[in-house]
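Engineer: Here you go, sequence then predicted model.
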Amino acid sequence: MHTVKTQPFFDQNPGTSGLRKKTKIFEKKNYAENFIQSIFDCAGPIRGKVLILGGDGRYLNKKIIQKVLKLAAGNGFSKVIVGKDGLLSTPAVSNLIRKHKAMGGIILSASHNPGGHDGDFGIKYNVENGGPAPDNLMRAIYDRSKKISRYFLAKEEDVSLVTLGIQIIAAMQVEIIDSVRDYADLMEELFDFTAIRHAIGRGFRFRFDAMHGVTGPYAHEIFERRLGFPSGTVVNGIPLADFGGKNPDPNLVYAKERYDMLDKGLDFAAASDGDGDRNLLIGKGIFVNPSDSLAILAANARLVKGYFSGIIGVARSMPTSTAVNYVADKHKFRVYETPTGWKFFSNLLDAGLVNLCGEESFGTSSSHIREKDGLWAILMWLNILAVTNKSVSDLVRLHWYTYGRNYYSRHDYEGVEEEVAERMINNLRMRLTDLRKTRIGNFLVKKADDFIYHDQIDNSVSVYQGIRILFQGARMIFRISGTGTEGATVRVYLEQYEADSAQHDKDTQTALSPLIRLSDEISGLKLSLKRSRPTVIT
Ligand code: G16
């Protein structure tokens with residue numbers, strides 16, 4: 001065991017989901033060690049505890065796994081459970097923490113951000129309930145990282161990540177496990193695989209794009225081996241350090257090929273991101289908006305084996321559309337509105353107040369773990385499609401007919417200078433009082449505020465969680481992303497409710513155009529950011 005002297009870095013401030021930076025920053029001497037030791041210093045007594053460890057396979061994954069193992073041994077863990085080849089999806093880590101009653105888990109991933117030497121890297125810490133570390137712990141870790149002067153290390157040889165079984169470093173066990181089996185077993189418990197097999201027998205055609213992220217091995221096992229979809233159903237299934245040079249981001253821009261694929265006779269196509277917690281869903285001629293997906297899953301959950309007893313409550317992040325609220329009104333369950341970040345759902349899930357959660361950022365999941373779960377969402381859809389024998393498009397349209405349609409879109413302005421972005425948001429914040437009760441064009445402002453979240457379980461308060469301007473049946477929200485690694489990303493979320501089914505076939509951007517114009521008028525966004533259009537529209 002060695003105590004190694006170090007100097008603090010002052011930029012290890014975790015964002016929405018762990019510490020995310022350019023890969024090259026993580027290559028600086030002691031950079032990763034400092035942050036990991038800061039986690040260990042703050043996460044609670046370690047001696048004799050178990051840690052789960054894995055990542056999405058991106059560049060640096062294996063190297064940092066070896067560092068975490070030596071630091072874990074140096075800090076007194078009794079055992080670290082690691083996915084074979086250093087691979088574990090974010091949902092799989094959450095499941096393993098719960099299954100092994102581990103103290104927590106470290107996930108090496110920058111999620112949907114690009115990988116490779118010129119891309120991004122990230123370190124996330126999940127706590128004993130399997131969920132992302134709460135805000136107060138992340139703040140403590142950041143504070144610690146600014147003062148750190150030493151870390152504890154076992155100076156041992158690297159561990160082989162290929163051989164399943166137990167190895168020892170210092171006095172600590174390292175168990176290399178099959179990354180996929182436990183997670184695939186859990187999915188088989190929750191979903192009716194027989195019903196999905198019958199749909200395959202009826203000629204149902206499906207394609208899954210793993211985008212060279214971590215889900216490839218999971219998807220081959222679940223879709224092809226266990227469910228019996230033909231081989232070739234899973235594409236880009238080999239995890240690569242640079243995701244094949246593409247962004248492992250399953251939005252319509254980066255996964256356009258999947259959308260185009262639907263013309264080739266498929267019934268359903270889906271994709272997941274680098275670490276397997278996001279999902280993209282596409283049917284013939286239709287992209288399922290993540291907010292709509294949440295609402296549709298809530299409305300149909302009772303059709304699915306693991307959810308026969310129905311929805312207890314749903315939590316959605318504040319910017320996620322209110323589509324699920326219309327389902328809740330009809331089916332009499334409560335909707336909780338939380339800030340952006342999966343960590344805010346954990347308390348509600350632990351307290352048994354909700355069993356379904358979702359975010360506009362392509363994340364949906366249930367109480368089976370404490371993370372968003374890409375393959376879970378896709379299997380939930382497959383199960384519903386199989387038992388209803390309806391097409392994706394029919395299900396979505398029937399849903400809109402029953403509950404109304406929430407036209408919804410997010411406009412992202414990426415790579416903005418941080419100061420410029422902050423100034424724009426601050427200016428808007430200062431105008432909120434004046435905006436209240438004013439009429440702008442056809443829109444009467446019902447409410448204008450800066451979202452504050454009071455967690456009813458631990459009484460914590462989170463401020464500055466997004467500027468919201470609410471109208472009758474419409475909303476616009478402005479916030480700065482907490483996951484970017486280059487400058488700031490300004491996000492504008494736009495939503496317009498339409499009850500009349502004769503008006504449900506409009507193009508989303510066209511339907512939202514009055515609101516889009518108004519959002520610029522109110523915020524002066526394009527002028528202050530010096531941009532004529534968003535970088536990405538989803
Ligand atoms: C992370 C968080 C999500 C959040 C998303 C976007 O996802 O886990 O809860 O919605 O970032 O956050 P932001 O709008 O601040 O960029 P992931 O998949 O990147 O880990």
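Structural biologist: Great, that's in hand.
Engineer: show me what contacts the nearest residue to A171 once chain neighbours are set aside?
Structural biologist: Distance criterion C-beta to C-beta, 6 or more residues apart in numbering; nearest residue to A171, sequence neighbours excluded, is A73 at 7.4 Å. In short, each C-beta sits where N, CA and C put it, glycine included. Taking C-beta atoms under 8 Å, 6 or more residues apart in numbering, we find A73 in contact with M1, L153, A154, E156, I169, A170, A171, M172.
Engineer: What of L153?
Structural biologist: Contacts of L153 by C-beta under 8 Å, 6+ apart are M1, H2, T3, V4, E33, K70, L71, A73, G74.
Engineer: What is the burial count for the last one?
Structural biologist: Just to be clear, that refers to G74. G74 has 24 neighbours, counted by other C-beta atoms under 10 Å.
Engineer: From V159, how far out is it?
Structural biologist: Using C-beta to C-beta, to the nearest Å, one gets 14 Å for the distance from G74 to V159.
Engineer: Over to the fifth one?
Structural biologist: Separation of E33 from V159 (C-beta to C-beta) stands at 17 Å.
Engineer: tell me which element the residue nearest to A171 is part of?
Structural biologist: Using DSSP states H and E, A73 sits within helix 61-75.
Engineer: what's downstream of that helix, the next helix or strand?
Structural biologist: strand 79-87.
Engineer: what residues does whatever helix or strand comes next after that following strand touch?
Structural biologist: Once strand 79-87 ends, the next helix or strand along the chain (criterion: DSSP H and E) is helix 90-99. Helix 90-99 is contacted by residues 52, 54, 56, 81, 83, 88, 102, 104-105, 107, 109, 111, 124, 126-131, 177, 179-180, 182-183, 186, 218, 275-277, 365, 368-376 when judged by C-beta under 8 Å, 6+ apart.
Engineer: Report the buried members of these.
Structural biologist: 52, 54, 56, 81, 83, 88, 102, 104-105, 107, 109, 111, 124, 126-131, 177, 179-180, 183, 186, 218, 275-277, 365, 368-376 (16 or more other C-beta atoms under 10 Å).
Engineer: I'd like to know which of the contacts of L153 is nearest to D520.
Structural biologist: E33 (45.6 Å; C-beta to C-beta).
Engineer: Doesn't that closest one lie inside a helix?
Structural biologist: Yes: under DSSP: H, G, I helix; E, B strand; the rest coil, E33 sits within a helix.
Engineer: May I have the residues that are in contact with it?
Structural biologist: Counting by C-beta under 8 Å, 6+ apart, E33 has contacts V4, T6, K67, L71, Y151, L153.
Engineer: from those, which is closest to the ligand?
Structural biologist: K67 (21.5 Å; C-beta to the nearest ligand atom).
Engineer: right, and the closest one touches I36 too?
Structural biologist: Yes: shown here, K67 and I36 form a contact pair, counting by C-beta atoms under 8 Å, at 6.9 Å.
Engineer: Looking at those two, which one has more neighbours?
Structural biologist: Taking other C-beta under 10 Å, K67 and I36 do not tie; I36 has more neighbours (24 against 17).
Engineer: Who are the contact partners of the closest residue to that one other than its chain neighbours?
Structural biologist: Nearest residue to I36 in three dimensions, chain neighbours excluded: L71, at 5.1 Å (C-beta to C-beta, 6+ apart). Counting by C-beta under 8 Å, 6+ apart, L71 makes contact with E33, I36, Q37, F40, Y151, F152, L153.
Engineer: which stretches of the stretch 51-200 of the chain form strands?
Structural biologist: Ranges of strands in the stretch 51-200 of the chain, per DSSP state E, counting those that start in this stretch, are 79-87, 104-108, 120-126, 150-153, 165-169, 172-177.
Engineer: Most tightly packed of those?
Structural biologist: Of the strands of the stretch 51-200 of the chain, the one with the most neighbours on average (mean count of other C-beta atoms under 10 Å) is strand 104-108, at a mean of 28.
Engineer: Okay, now the sheet partners of that strand, with direction.
Structural biologist: strand 50-55 (parallel), strand 120-126 (antiparallel) (DSSP bridges).
Engineer: hmm, back to that, and which of the contacts of L153 is nearest to S391?
Structural biologist: The closest of the contacts of L153 to S391 turns out to be L71 (C-beta to C-beta; 50.8 Å).
Engineer: do you know how far that closest one is from V288?
Structural biologist: Between L71 and V288 the computed distance is 42 Å (C-beta to C-beta).
Engineer: So the residue of the stretch 301-450 of the chain found nearest the ligand: helix, strand or coil?
Structural biologist: Of all residues in the stretch 301-450 of the chain, the one sitting closest to the ligand is S361 (3.7 Å; C-beta to the nearest ligand atom). Three-state call for S361 (three-state DSSP): coil.
Engineer: coming back round to it: want to try CSV for the contacts of L153, with distance to the ligand and pLDDT as columns?
Structural biologist: As requested, the contacts of L153 are exported to CSV (distance: C-beta to the nearest ligand atom, whole Å; pLDDT from 0 to 100):
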residue, distance to the ligand, pLDDT
M1, 34, 79
H2, 33, 92
T3, 33, 96
V4, 30, 97
E33, 23, 98
K70, 26, 98
L71, 23, 98
A73, 28, 97
G74, 28, 96
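Engineer: Out of these, which two sit at the greatest distance?
Structural biologist: Longest span within the contacts of L153, C-beta to C-beta: M1 and E33, 14.5 Å.
Engineer: Those residues of this protein touching the ligand, which are they?
Structural biologist: Proximity of the chain to the ligand, by C-beta under 6 Å from any ligand atom, involves residues 16-17, 111-112, 277-278, 317, 340-342, 359, 361, 363, 481-483, 491.
Engineer: Which of these fall in strands?
Structural biologist: Counting by DSSP state E, the part of these found in strands is S317, E359, G363, R491.
Engineer: Put together CSV for these, with pLDDT on each row.
Structural biologist: CSV is the format used below for those (pLDDT from 0 to 100):
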residue, pLDDT
S317, 98
E359, 98
G363, 97
R491, 97
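Engineer: Many thanks, we can stop here.
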